[in-house]
Each structure stands twice: as structure tokens, then as C-alpha cells.
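*Asks:* Structure for this input, please:
(one chain, ligands or ions: 1)
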Amino acid sequence: MSRMLDYPPLSLRISVTDRCQLRCVYCTPRAAGTARRSARLTFDEILRFVRAVQGRLALRKVHLTGGEPLCRPRIADLVRSLAGEGIGELALTTNGQRLTKLAPTLKRAGLRRVNVSLDSLDPQVFYTLTGGGRLADTLAGLDAALECGLGPVKLNTVVLRGYNDSEVVSLARYGLERGCHVRFLELMPIGCIRRRFARLFVSSAEVQSRLQRAFRFEPLPRAPSASSQDFRVRGDRDLEGTLGFISPESAPFCAGCTRLRLTSTGQLIACLARGTGLRVAGLLRSNAPEAMERLQEIVGALLARKQARASFGAAQPMLAVGG
Ligand code: SAM
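*Replies:* Predicted coordinates:
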């Protein structure tokens, strides 16, 4: 009989595709290729993985990501199956471009909430930053998610000097006015952005000091596994809500991190900063009776090695790793 591992409840981030219709400057090289379709895990293989993990560990959360998860055909089918596994929190991170169409279906399939990436409110800056994205589509997608109850929505903004750092107050206002939890992310030196990182990086402290001109901040307690330091904020015209800062560079949260990533081609990654992982696709495709046991051992071994402070430098883009 399998033994439960002594580990805090785990947060699984599952990348369902390495395809994305956008080419965000900090995430995806313009000419990025994608894996062959046959290399991509099927929904059954993803479910096998989730069940194997559940056999040994408490699952706090399953988060679907990519690439762009809404580019994976029939994504709602996977959501429906995962919802049937009784996972407490089932969420998805999206660029929002296809959310208007898909939000109601995803909600009906059992998705609890979405995170929407929104880096600018200026259509031209948005287009430049995302390599061709339409701001209006993401904003409409956000509204659709809110309307059908996929909230509380977390709005994620990666702040880049010279691109969107002057917009942080307007982005915060926009999100707070819609009841979103707005989070500002520090740029990570991963993949294609590594060479320009020093020029573009803006620390959370700098973002917060810009925001303090418009809002009063009151820190909220932080769970050991939380990636974000959250604040209750109050601004003018009775605007209030919560803002958070994710600071992997200036205040790394490795010690409390309980995240484990599965890439769309079946690599298990315990640490985003390192970006390399162990291939488990073969085990997920195997009918051998010992395959699941072996997979569980690998998960346990990866988690046991997780705690040390990681330094960034992974060559794989977020597109491939699964952000
Ligand atoms: N396509 C989806 C989206 O746009 O939300 C999900 C995948 S995307 C890789 C997930 C998150 O990673 C996005 O919020 C994106 O801004 C963030 N991201 C990608 N590359 C990053 C980097 N180098 N530093 C910080 N955040 C990054």
C-alpha cells in the first residue's frame, strides 16, 4: 500500500500546451517553435499524473497554464475531469484573448477562478509587449470571467522599465474598480529576456513606492507558501481592495514554495528558476504496474530537494516551462 508523504499541501501547475498566440517580449522568442503534437500529454495522461500525486500527497490546488491554456482544444473537457477529482482549488492562468468565448463553458465545467495577465491599458503598448495582442479582447475576456463568476480574478502585471512602469497606478485602479486582486510581478531572468534583464527589471519596492502616491497600504498576513505579499489598499474616491507583489528577485520565496510543475510534454519541474526537470511522460504512458509507484517516488524525491534558494538563469522560456 502507498504511504502518504510528509509534505505540506501541494500546488500543481500543469501546462497543457506550449503554444500561445502571443509573443510577449519577456516570455517568448519571436521565432519560438513548439513541441510536436504527439509529444504533448493527453488529458488522460494528465489525469493519471494528478491521481498518482493525490495517492501520496494532499493537493491544495491545481493550476492550468501554458503556453496559453485556452489554445488547447477542448480544454473544458480537462477542467471537467479535474473538477471530478475533488480538487479544492482549480484555477487557470490566461492572457484573456479567448476568454470571452470560453469563460461560461469553463465555469460550467467546474473551473473556480482565473488569473488574467494584463501588462498595459494602452492598446499600442499592449500590442508591442505581447507581440500582436488586442487589448480590447483581454479586457472583454476579463469582464466575461467576472460576469460568469470566475472570481476573485487575479490580474497579473509584469512590470518592465520603459514599457509599462508608468502605468502601475492606472492598472491598479482598473483592477480594483472591478473587484480584482491586482498583482505586480518582478521580471524573472528566464529564457529570451536574460540579456536585457538588467535594463528592464523594476523591483517591487519601486512599484510600491509609485503606488503609494495613490494608495494607503496595510500589509496582510502571508502564508508560508504564498508567492505574493498582499496589502489592503485604500485610494481616493472610496476605492479599496487588495494588491500583491510577487518578488522572485528581490524577496525570493523558495523556502515556503510548495509548487510542482508538469510541462505539456511531460517534464516534472520542481523549481522554475532552474527550469530543467525530469521526464515522466514515459511513465505516464506506461501500462507497467510499477509505473505509478515509480512516478510517486520521483515526485517525492523532487520535493525533498526543493528548499534551497535558487538562482535564476534557466534557458527554457516560460512558454515551455509553464508560467
Ligand atoms: N498564457 C498565459 C498567460 O499569459 O497568463 C499563461 C502562461 S504565462 C507564461 C504565465 C505568466 O508568466 C504570465 O503572467 C506572464 O506574464 C508570466 N511570465 C512569463 N515570462 C515571465 C518572466 N520572464 N518574468 C516574469 N513573469 C513572466
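
*Asks:* burial of the residue of the stretch 151-300 of the chain found nearest the ligand, as a residue count?
*Replies:* Closest approach between the stretch 151-300 of the chain and the ligand, counting by CB to the nearest ligand atom: Met188, at 3.6 Å. Glycine gets a C-beta too; all of them are placed from N, C-alpha and C. Neighbour count for Met188, taken as other CB atoms under 10 Å: 23.

*Asks:* before we move on, what about Thr34?
*Replies:* Per other CB under 10 Å, the neighbour tally for Thr34 reads 17.

*Asks:* Roughly how far does it sit from the ligand?
*Replies:* Per CB to the nearest ligand atom, to the nearest Å, Thr34 is found 13 Å from the ligand.

*Asks:* Quick check: the gap between that residue and Cys71.
*Replies:* Per CB to CB, to the nearest Å, Thr34 is found 10 Å from Cys71.

*Asks:* which residues are common contacts for these two?
*Replies:* Common contact partners of Thr34 and Cys71 (CB atoms under 8 Å, 6 or more residues apart in numbering): Thr17, Arg19.

*Asks:* can you list the residues of this structure near the ligand?
*Replies:* For the chain, the residues in contact with the ligand (CB under 6 Å from any ligand atom) are 20, 26-27, 65-66, 68, 93-95, 117, 156, 158, 185, 187-188, 190, 193, 318-319, 323.

*Asks:* I'd say Ser203 and Glu186 touch.
*Replies:* Yes: taking CB atoms under 8 Å as the definition, Ser203 is a contact partner of Glu186 at 6.5 Å.

*Asks:* which neighbours do the two share?
*Replies:* Applying CB under 8 Å, 6+ apart, one finds that Ser203 and Glu186 are jointly contacted by Ser247, Glu249, Ser250.

*Asks:* From those, list the buried ones, please.
*Replies:* Burial by neighbour count, judged by 16 or more other CB atoms under 10 Å, picks out Ser247, Glu249 from the shared contacts of Ser203 and Glu186.

*Asks:* Could I get the shared contacts of Ser203 and Glu186 in JSON lines, plus columns for secondary structure and pLDDT?
*Replies:* JSON lines is the format used below for those (DSSP: H, G, I helix; E, B strand; the rest coil; pLDDT from 0 to 100):
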{"residue": "Ser247", "secondary structure": "coil", "pLDDT": "96"}
{"residue": "Glu249", "secondary structure": "coil", "pLDDT": "92"}
{"residue": "Ser250", "secondary structure": "coil", "pLDDT": "94"}
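
*Asks:* Nearest to Leu142 among the shared contacts of Ser203 and Glu186?
*Replies:* When the shared contacts of Ser203 and Glu186 are ranked by distance to Leu142 (CB to CB), Ser247 comes first, at 24.1 Å.

*Asks:* The nearest residue to that closest one once chain neighbours are set aside: neighbour count?
*Replies:* Computed as CB to CB, 6 or more residues apart in numbering, the closest residue to Ser247 that is not its neighbour in sequence is Ser204, at 4.2 Å. By the criterion of other CB under 10 Å, Ser204 has 21 neighbours.

*Asks:* Could you do Pro73 as well?
*Replies:* Using other CB under 10 Å, Pro73 has 8 neighbouring residues.

*Asks:* Now do the helices in the stretch 1-150 of the chain.
*Replies:* Here the stretch 1-150 of the chain has its helices, by DSSP state H, counting those that start in this stretch, at 43-54, 75-83, 99-109, 123-130, 135-147.
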